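Student: Just to be clear, the model below is a prediction. Sequence and coordinates:
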Amino acid sequence: MGRYLVIFIFLALVFFGCTTDDGPNLPPFEERVNTAITTLRTDLTSPSLGWRLEYKPTPESGVFFMLLKFTDKDVTIQSDVVANDGFFFEQTIPYRIDNALGLELILETFGAFHYLFELDQATFGAEFEFIFKEKNGDNLIFESKTDLVNPTILTFEPASSDDENSFSREIAKNLDAFGTVSPQALAPVAPQQQIVLEDQNISVFWSLDTQKRNITSQFAAEGTDPDDVLMNGGILLNHSSGYALLDGFMVLKEPLFFSLAGQNITIERIALEDFDMTAPNLCPTEPNNGPRYQGSSPGLGDVTMLSSLLSTDGQGFQPNVYTVNVQFVFDGDGNSLSQDGIIAQNFPDATGFIFLYGVQLIDPDIPIYSVGLILGNGDIYVREFEQTVTEINQVKINLTNNYYHSGIPKPGDQQKMKEVTDEIFAGGITYAFDLPITGLTVYRLFNPCNRYEVFLVQ
């Protein structure tokens with residue numbers, strides 16, 4: 001009998017325990033969710049000046065500075081995102097707080113966060129939905145909703161009266177001017193810059209992605225003039241960093257350290273002070289109308305930021321035979337010259353483009369430095385250029401008046417070939433950039449004088 005009494009008591013405890021809603025003294029689940037949402041909304045709206053946020057969407061990207069001021073329904077977002085002519089400098093949009101994977105802050109209509117989300121066809125890694133994690137002192141901590149590994153952490157800090165003065169939007173706008181002369185066809189190349197350390201007589205060359213705010217430092221060399229740099233060579237850097245624009249400074253999140261010419265160099269931040277459009281043009285035949293920033297860097301002194309096209313990305317462009325389908329020769333607006341341009345007008349039957357870089361073909365009469373077309377009947381028609389070399393990635397093309405046709409040219413063909421090659425290589429200078437494609441070695445030659453681009457397959 002005693003054994004059954006014990007079993008009865010046990011079953012009774014289990015039964016009454018299971019019929020309790022959420023345990024002793026706990027309010028219903030929905031009530032607890034509503035309380036949590038109300039508490040978070042109260043926290044979001046509490047700071048009188050709103051919140052300061054340095055938003056770093058991905059580990060590789062730079063920082064976007066924002067101020068957020070919440071009401072019960074809307075949030076006013078001030079940002080330094082310069083796209084769309086300052087459209088994102090200040091916006092008021094609705095938001096909501098949901099409970100799904102936890103408390104979620106969702107920004108509902110298009111704004112700065114949505115713009116960043118859509119970069120690179122929505123593959124950049126920015127978001128506009130965030131999971132609330134905790135309150136840490138006066139700060140609110142959120143994390144990205146969809147990052148499965150290493151989620152982005154957003155720290156909302158109460159804003160101060162001075163924070164609005166930290167915006168450096170004019171600098172962000174001016175930096176975009178450095179991207180006006182860079183390869184754009186098929187896959188755009190990030191603008192290249194020359195950072196001149198005046199007091200050290202050293203130049204640093206890096207690529208600048210103003211959309212994602214990151215820098216890839218490629219090489220450094222003695223000299224402040226490009227000709228001196230080409231003569232002196234340099235050292236590889238292979239350094240990447242995101243950057244922020246705060247209080248008039250470009251701030252590298254990962255400082256750049258290197259040694260050159262007996263000097264130890266550290267670049268952590270650059271004060272960008274005076275901007276003009278009177279720097280030397282990247283096309284030697286054009287007037288001085290390039291972008292230039294002058295400023296300083298702590299511990300280094302005066303710094304000048306210039307546009308450049310020198311890059312280690314194209315230093316592999318070396319003597320070889322290069323060809324490509326003729327449709328991959330583009331004008332400065334990205335139009336194929338074989339469809340609507342000088343090639344279509346002069347040689348509508350052309351099927352290929354050929355670039356002979358110091359290599360002899362079977363026929364010894366073909367100039368080993370020459371460039372031209374492969375015609376529809378298989379004939380090769382090329383024009384010679386003077387012997388040249390790749391200096392970092394710069395390739396000078398000085399055309400001669402020596403032509404070669406593997407068949408019999410038609411009357412007027414030589415003049416037509418002259419027109420084609422004169423137009424493509426106007427200015428006599430090009431820069432090579434590699435185009436990573438699995439299983440192929442592909443380069444593009446970019447002409448800064450007309451922004452024409454020729455893709456070449458090795």
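Tutor: Sure thing, it's come through.
Student: alpha carbons only for contacts and neighbour counts from here, please
Tutor: Fine.
Student: residue ranges with poor pLDDT in the stretch 101-250 of the chain?
Tutor: Scanning the stretch 101-250 of the chain for pLDDT under 70 picks out no residues.
Student: no no, the stretch 351-458 of the chain
Tutor: Along the stretch 351-458 of the chain, segments meeting pLDDT under 70 are nowhere present.
Student: What segments of it are helices?
Tutor: 413-424 (DSSP state H, counting those that start in this stretch).
Student: can you check the chain too?
Tutor: Applying DSSP state H to the chain gives helices spanning 2-18, 29-45, 83-86, 112-117, 119-122, 169-175, 226-232, 342-346, 413-424.
Student: Now mean neighbour count too, for those, in TSV please.
Tutor: As requested, the helices of the chain are exported to TSV (neighbours: other CA atoms under 10 Å):
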stretch	mean neighbour count
helix 2-18	10
helix 29-45	15
helix 83-86	12
helix 112-117	20
helix 119-122	11
helix 169-175	18
helix 226-232	14
helix 342-346	18
helix 413-424	17
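Student: between those helices, which gets nearest to N214?
Tutor: Proximity to N214 (CA to CA) singles out helix 169-175 among the helices of the chain, at 12.3 Å.
Student: related to what we said a few turns ago, so which of the helices of the chain gets nearest T390?
Tutor: It is, among the helices of the chain and with distance given as CA to CA, helix 226-232, at 10.2 Å.
Student: Give me the helices and strands touching that closest one, please.
Tutor: Here helix 226-232 touches strand 214-222, going by 3 or more CA pairs under 8 Å, 6 or more residues apart in numbering; DSSP states H and E.
Student: quick one on the thing from earlier: turn the helices of the chain into a markdown table, including distance to R444.
Tutor: Supplementary listing: these in a markdown table, determined by distance: least, CA to CA, whole Å:
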| stretch | distance to R444 |
| --- | --- |
| helix 2-18 | 71 |
| helix 29-45 | 51 |
| helix 83-86 | 28 |
| helix 112-117 | 29 |
| helix 119-122 | 22 |
| helix 169-175 | 25 |
| helix 226-232 | 20 |
| helix 342-346 | 18 |
| helix 413-424 | 13 |
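Student: Show me the one of those helices that comes nearest F275.
Tutor: For F275, the closest of the helices of the chain is helix 169-175, at 7.4 Å, according to CA to CA.
Student: Only C-alpha atoms, please: export the closest one in PDB.
Tutor: Output of helix 169-175 as PDB, limited to C-alpha atoms (Å, rounded to 0.1, in the frame of the first residue of the first chain):
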ATOM      1  CA  ARG A 169      30.800  64.500 -45.500                       C
ATOM      2  CA  GLU A 170      32.700  66.900 -47.700                       C
ATOM      3  CA  ILE A 171      35.800  64.700 -47.500                       C
ATOM      4  CA  ALA A 172      33.700  61.700 -48.500                       C
ATOM      5  CA  LYS A 173      32.300  63.600 -51.500                       C
ATOM      6  CA  ASN A 174      35.800  64.800 -52.600                       C
ATOM      7  CA  LEU A 175      37.200  61.300 -52.400                       C
END
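Student: From the chain's centre, how far out is it? Work that out for me.
Tutor: Counting by CA atoms, centre = their mean, to the nearest Å, helix 169-175 is centred 15 Å from the centre of its parent chain.
Student: Please name every helix or strand in contact with that helix.
Tutor: Partner elements for helix 169-175 (3+ CA pairs under 8 Å, 6+ apart): strand 235-246.
Student: Try it again at 7 Å.
Tutor: Applying 3 or more CA pairs under 7 Å, 6 or more residues apart in numbering; DSSP states H and E, we find helix 169-175 packed against no helix or strand.
Student: Neighbours of D363, how many?
Tutor: 8 (other CA atoms under 10 Å).
Student: gap between it and S406?
Tutor: Distance of D363 to S406, given as CA to CA, to the nearest Å: 9 Å.
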